[in-house]
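Colleague: Fold the following.
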Amino acid sequence: MGAPWRDTAHWAVVEDLSEAAGRDLGELLLHADAERLTRTDNAQLATFTLEMVLLDALRSAVGDLAPAVCAGHSLGEYAALTAAGVLTPRDAVRLVAERGAAMAEAARLVPGTMAVLVGPDMARTAAALVDARGATGPAEVWVANVNGPGQVVVSGRPHAVAALTAHAVDAGARALPLRVGGAFHSPLMAAALPRLTRALAATPLAPGRCPVVANVDGRPHHGEAPALWRDLLRRQLLEPVRWSDSMTALHTLTGGRPHLVELGPGSALTGLARRLLTPDVPARSAATPAQLAGVVATGWC
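Modeller: Reported below is the predicted structural model:
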């Protein structure tokens, strides 16, 4: 995951965050295999650390230019808050470590899984399937991400996710099981809440220098009391990521002319932006030095 950045000046970020987190994050970025990264505590630390390397590289290339607005998907919300100045990188990586450990323990106590469902009007279809299943028995599966009208992620106990997925496929959906370590963004993460609450209470939050769009309500927040973001981040453990609403907010806040830069491994959010907004929306991923150079060359930043 981190190999393209190992020999750059920005690798110093990894060393700094390793000291803050009390773990060798460089080893995780360079040597962790897919099995190790299935564990959510490892995956969260590796992903967040890479995002901070990318943020440092972008700032080095364009100066400390404040973005107009930030947003992050799930764990990415912590990176977005750091980019906006609400969290410092060292405080954020400690929070991410606590969040990951708490979620891993919750998943051990109550095993779960997730699946992506894709199809016409899937947000409505999945919600109806979840409601129908809940009406005939205990709630065991929930909508975890609304990535757009045609793509949602469901989360819950393995047998319930499998049953709902089968119904969705019968209704014409495509389904993709996710290789994850638990039923994230669902009530099955409740056991993680006390530990994250304590970590959030001990972490200073600043007003920030630009709005950040929250996962749980799809609305921009800027300059509010720290208690608001602590509550939003707590809720995010148990509630769905409303990414479609978040992208609509980004579009509105930028006057309908966003220039989107994705900082993270891969380009999934760039693809979602083009499907949710317009196919030609200026959106680029900056996961490698070459991709970052391409973003800077566009003059967006």
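Colleague: Every contact and neighbour count from this point should use C-alpha atoms.
Modeller: OK.
Colleague: Only the buried residues of stretch 217-236, if you could.
Modeller: 217-222, 226, 229-230, 233-236 (16 or more other CA atoms under 10 Å).
Colleague: In a markdown table, list the residues you listed along with secondary structure and pLDDT.
Modeller: As requested, the buried residues of stretch 217-236 are exported to a markdown table (DSSP: H, G, I helix; E, B strand; the rest coil; pLDDT from 0 to 100):
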| residue | secondary structure | pLDDT |
| --- | --- | --- |
| Asp217 | coil | 98 |
| Gly218 | coil | 98 |
| Arg219 | coil | 98 |
| Pro220 | strand | 98 |
| His221 | strand | 97 |
| His222 | coil | 95 |
| Pro226 | helix | 93 |
| Trp229 | helix | 98 |
| Arg230 | helix | 98 |
| Leu233 | helix | 98 |
| Arg234 | helix | 98 |
| Arg235 | helix | 98 |
| Gln236 | helix | 98 |
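Colleague: ok, so of the residues you listed, who is nearest His167?
Modeller: Gln236 (26.9 Å; CA to CA).
Colleague: those helices in the stretch 201-301 of the chain, which residues are they?
Modeller: Counting by DSSP state H, counting those that start in this stretch, the stretch 201-301 of the chain has helices at residues 226-238, 243-253, 268-276, 289-298.
Colleague: nearest to Ala175, of these?
Modeller: Judging those by CA to CA, what sits closest to Ala175 is helix 268-276, at 16.7 Å.
Colleague: So what's the gap between that closest one and the chain middle?
Modeller: Centre-to-centre, helix 268-276 and its host chain are 14 Å apart (CA atoms, centre = their mean, to the nearest Å).
Colleague: max-length helix in this protein?
Modeller: Longest helix of the chain, by residue count under DSSP state H: helix 40-62.
Colleague: helices or strands next to that one in the packing?
Modeller: Helices and strands touching helix 40-62, by 3 or more CA pairs under 8 Å, 6 or more residues apart in numbering; DSSP states H and E, are helix 12-21, helix 25-31, helix 34-38, helix 76-83, helix 89-109, helix 289-298.
Colleague: Go ahead and produce PDB holding the CA coordinates of stretch 169-182.
Modeller: These are the backbone C-alpha positions of stretch 169-182, laid out as PDB (Å, rounded to 0.1, in the frame of the first residue of the first chain):
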ATOM      1  CA  VAL A 169     -30.200 -10.800  -6.500                       C
ATOM      2  CA  ASP A 170     -33.600 -12.300  -7.200                       C
ATOM      3  CA  ALA A 171     -34.900  -8.700  -7.700                       C
ATOM      4  CA  GLY A 172     -32.200  -8.100 -10.300                       C
ATOM      5  CA  ALA A 173     -29.300  -6.700  -8.200                       C
ATOM      6  CA  ARG A 174     -25.700  -7.500  -8.500                       C
ATOM      7  CA  ALA A 175     -24.100  -8.400  -5.200                       C
ATOM      8  CA  LEU A 176     -20.500  -8.400  -4.000                       C
ATOM      9  CA  PRO A 177     -19.600  -9.800  -0.500                       C
ATOM     10  CA  LEU A 178     -16.900  -7.600   1.100                       C
ATOM     11  CA  ARG A 179     -13.900  -9.000   2.800                       C
ATOM     12  CA  VAL A 180     -14.200  -7.100   6.000                       C
ATOM     13  CA  GLY A 181     -13.800  -7.900   9.700                       C
ATOM     14  CA  GLY A 182     -17.200  -7.000  11.000                       C
END
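Colleague: Go through it and flag the buried ones.
Modeller: For stretch 169-182, a neighbour-count test (16+ other CA under 10 Å) marks 173-175, 180-182 as buried.
Colleague: out of the residues you listed, which are inside helices?
Modeller: Among the buried residues of stretch 169-182, no member lies in helices (by DSSP H).
Colleague: re earlier: let me know which of the helices and strands packed on helix 40-62 is the nearest to Leu188.
Modeller: Going by CA to CA, the one of the helices and strands packed on helix 40-62 nearest Leu188 is helix 89-109, 7.4 Å.
Colleague: Now do that closest one: distance to the chain's middle.
Modeller: 14 Å.
Colleague: Can you point out the buried residues in that helix?
Modeller: Under 16+ other CA under 10 Å, the buried positions of helix 89-109 are 89-107.
Colleague: Quick one: the buried residues of stretch 169-182 as a markdown table, columns for pLDDT and distance to Gly156 too.
Modeller: Shown next, in a markdown table, are these (pLDDT from 0 to 100; distance: CA to CA, whole Å):
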| residue | pLDDT | distance to Gly156 |
| --- | --- | --- |
| Ala173 | 96 | 18 |
| Arg174 | 98 | 18 |
| Ala175 | 98 | 15 |
| Val180 | 94 | 12 |
| Gly181 | 90 | 11 |
| Gly182 | 97 | 8 |
